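Peer 1: for reference, the sequence and a predicted model appear below.
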Amino acid sequence: MTLAAAATAVATDATSMAAESPGFLSPTGVEIAFLLVGVVTFGAAIVTVTTRQLVHAALWLVVTLGGLAVEYLLLTAEFIAWVQVLIYVGSVVVLLLFGLMLTKAPIGRSPDADSGNRWAALTVAVATAAALVWVVVDAFRTTWIDLDGAPAGSTEVTGKALFQNWVLPFEALSVLLLAALVGAIVLSRKAKADATATTASVPGSRSDKGGAR
Amino acid sequence: MNDVLDVALRLLIVFGVFLTFPLIIGQTEHKVMAHMQGRLGPMYAGGFHGWAQLVADGVKFAQKEDVVPAGADRRIFQLAPAVALLPYLLVLLAIPIGPGEGAVGVLIDAGIFFVLAVMGVGVLGSLMAGWASANKFSLLGGLRTAAQLLAYELPMLLAAASVAMAAGTVSLPGILNAFEWWWLPWQIVGAIVFFVAGLAELQRPPFDMPVADSEIIFGAYTEYTGLRFALFLLAEYAGIVVLCGLTTVLFLGGWHGPWGADGLGWVWTLLKTAVLAFIVIWLRVTYPRLREDQLQKLSWTLLVPLSLAQIALTGIVKVVIQ
């Protein structure tokens, strides 16, 4: 979770800086909103990795990811924004909470919710942040979004860009996801086969099973 | 100024729908369930056939003490009902009710993604409630809610994707503009999958394992009293409105009808939504609750393959037509 939150914080940082530089002295309303949402997102990200309450961390992650979705909206990338909400807030965080509740989700502080690696993690996070901010600022310093023109982030534009210019990375990613999916199925089936093999080898287990039913 | 007035009026209308329609469905449920079970249902409140029963219930809920358990996580416990309810209000904004661009709260380009994404957020409310109550039955309810969402989100998305493929757009008014009557038999499997998965996501019977009152005492809502509990109930009924409205728009052609689609399109939308809501109530009275493993099995071994088959069928027909 630390890494994910750090990455989010980094992304926020990077995007807010990119928007800040051009209209610095006469910011428009959108830019001000962008900065404010960025600050909130950044704050939520920091709380996510520093809070001692595990479930609170997951819920702050919701705020962080939702804030990012708002930032996408302000950058006119509507499609990406809704996909962000659908995948991250709707599914990934639910999965996280499910995992937490299934294993360990005490109410109140967890004294052991601290890692000895916090300085290493901080170093990696800051380094990643610096690299990403540098790259994004360097790449998009002079790029402007025309708010009055045709929407640059609508579903149609995004789809065309994805399936005309970026087909190869897209397909490579889908193969990767498919491999993960098949791997998960194979692993779960293997565990099940092992379990039935052990119960079958124990004498008398059949009658026990029948009795339990 | 005119624009501001226009937006304000739209928001006001959607808010009005949000406040009244769930209550109408709730009252209908009282009556329909009663008649299906050979009894009368509420008869006294308001005089005529107990029409004001839900208003009386609301007054009762407002008078009750708002209790927060001593061991609970106070802030999250209190925040959870709002998180459960608000997403449905947002989704209502995007559902078109009639032809033309004026008949929708807010025109959203990626409408399908918006409604499905925001509906998924509502489940977070149940999760928060289940965890923050500091009650093992609530926690069990929360766990079951999460497991159910993870299982049924996929078939729901796939079924919606099939319609989007058929229409060639992900905007809800755009899908309605592209609708033809023969989409009904073409997308019927997707429609059923979508409706069933939506029911499961709302935790309505027969998919109410997470709130099973006879075994885990209403799950995540066990510790709630008064208005906050009423908000969860309202979220359930608002969810029915949203699910039926969405199924109408995506699969049943929304404002399209045999006649009068231009002037009276909104009547068709409301009529189809009402029929679907009746089916939701009917299912509650008819079917026993599914067990947890049966729930998971239904989704992964039946609904997901069915929705994938529907997508394949949609793709084939689409290519053949072109």
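Peer 2: Everything's here; your move.
Peer 1: quick one: pLDDT of the closest residue to chain A within chain B?
Peer 2: Proximity of chain B to chain A (Cβ to the nearest Cβ) peaks at B:Gly120, 2.9 Å away. Just so you know, the C-beta spots here come from the backbone N, C-alpha and C atoms, and that holds for glycine as well. As predicted, B:Gly120 sits at a pLDDT of 82.
Peer 1: just give me how far the helix or strand hosting it sits from the chain centre.
Peer 2: Assigning secondary structure by DSSP states H and E places B:Gly120 in helix B:111-132. Remark: helix B:111-132 is offset 11 Å from the chain centroid, using Cα atoms, centre = their mean, to the nearest Å.
Peer 1: repeat that for stretch A:161-169.
Peer 2: 22 Å.
Peer 1: first-to-last residue distance for that stretch?
Peer 2: End-to-end span of stretch A:161-169 (Cα to Cα, to the nearest Å): 12 Å.
Peer 1: quick one: residues contacting the closest residue to chain B within chain A.
Peer 2: In chain A, the residue that lies nearest chain B is A:Gly90 (2.9 Å; Cβ to the nearest Cβ). By Cβ atoms under 8 Å, 6 or more residues apart in numbering or on different chains, the contact set of A:Gly90 is B:Leu116, B:Ala117, B:Gly120, B:Val121, B:Val123, B:Glu153.
Peer 1: thought the first one was touching B:Met156?
Peer 2: Yes: using Cβ atoms under 8 Å as the test, B:Leu116 is close enough to B:Met156 to be in contact (6.8 Å).
Peer 1: which stretches of the stretch 51-200 of chain B form helices?
Peer 2: B:53-63, B:74-94, B:111-132, B:136-167, B:172-178, B:183-186, B:188-202 (DSSP state H, counting those that start in this stretch).
Peer 1: sorry, that was for chain A
Peer 2: Ranges of helices in chain A, per DSSP state H, are A:2-20, A:29-50, A:54-74, A:78-84, A:93-103, A:118-140, A:155-164, A:167-201, A:205-212.
Peer 1: tell me the angle the longest one makes with helix A:155-164.
Peer 2: Inter-element angle recorded for helix A:167-201 and helix A:155-164: 80 degrees (by axes from the mean of the first three to the mean of the last three Cα atoms, to 10 degrees).
Peer 1: domain-wise, how is chain A divided?
Peer 2: Per automatic domain parsing, the structural domains of chain A span A:2-149, A:166-213.
Peer 1: so the residue of chain B closest to chain A touches A:Tyr88, yeah?
Peer 2: No: contact criterion Cβ under 8 Å: B:Gly120 and A:Tyr88 do not qualify, at 10.3 Å.
Peer 1: and chain A, which residues reach chain B?
Peer 2: Residues of chain A lying near chain B by Cβ under 8 Å from any Cβ of the partner chain: A:55-56, A:59, A:62, A:78-79, A:82-83, A:85-86, A:89-91, A:93-95, A:97-98, A:101-102, A:105, A:107-108, A:151, A:154-155.
Peer 1: which of these are buried?
Peer 2: Taking 16 or more other Cβ atoms under 10 Å in any protein chain shown as the criterion, what is buried in these is A:55-56, A:59, A:62, A:78-79, A:82-83, A:85-86, A:89-91, A:93-94, A:97-98, A:101, A:105, A:107, A:151, A:154-155.
Peer 1: for the helix holding B:Gly120, name the packing helices and strands.
Peer 2: The helices and strands touching helix B:111-132, judged by 3 or more Cβ pairs under 8 Å, 6 or more residues apart in numbering or on different chains; DSSP states H and E, are helix A:54-74, helix A:78-84, helix A:93-103, helix B:74-94, helix B:136-167, helix B:172-178, helix B:188-202, helix B:226-251.
Peer 1: about what we covered before: how near is the residue of chain A closest to chain B to B:Ile188?
Peer 2: Taking Cβ to Cβ, to the nearest Å as the measure, A:Gly90 falls 27 Å from B:Ile188.
Peer 1: center of chain B, which residue is that?
Peer 2: Nearest to the geometric centre of chain B sits B:Gly239, at 2.8 Å (Cα atoms, centre = their mean).
Peer 1: just to revisit the earlier point, where among the helices of chain A is average confidence lowest?
Peer 2: Between those, the one with the least mean pLDDT is helix A:205-212; it has a mean of 40.
Peer 1: count the residues that sit near A:Ile145.
Peer 2: A:Ile145: 15 surrounding residues under other Cβ atoms under 10 Å in any protein chain shown.
Peer 1: do I have it right that it meets A:Thr76?
Peer 2: Yes: assessed by Cβ under 8 Å, A:Ile145 is found in contact with A:Thr76 at 5.7 Å.
Peer 1: list the residues that contact both of these two?
Peer 2: Shared contacts of A:Ile145 and A:Thr76, defined by Cβ under 8 Å, 6+ apart, comprise A:Ala152.
Peer 1: got a pLDDT number for the residue nearest to B:Ile216 when sequence neighbours are not counted?
Peer 2: Distance criterion Cβ to Cβ, 6 or more residues apart in numbering or on different chains; nearest residue to B:Ile216, sequence neighbours excluded, is B:Phe137 at 4.5 Å. As predicted, B:Phe137 sits at a pLDDT of 86.
Peer 1: mind listing what B:Phe137 touches?
Peer 2: B:Ile216, B:Ile217, B:Gly219, B:Thr222.
Peer 1: point out where chain B drops to low pLDDT.
Peer 2: B:1, B:100-103, B:105, B:260-262 (pLDDT under 70).
Peer 1: neighbours around residue 123, how many?
Peer 2: With no chain named, the answer covers chain A. Neighbours of A:Thr123 (other Cβ under 10 Å): 11.
Peer 1: that's the other chain; I wanted chain B
Peer 2: By the measure other Cβ under 10 Å, the count of residues near B:Val123 is 26.
Peer 1: residues contacting the residue lying closest to A:Val40 once chain neighbours are set aside?
Peer 2: Excluding the flanking residues, the one nearest A:Val40 by Cβ to Cβ, 6+ apart is A:Gly67, at 5.6 Å. Taking Cβ under 8 Å, 6+ apart, we find A:Gly67 in contact with A:Thr12, A:Val37, A:Gly38, A:Val40, A:Thr41, A:Ala44.
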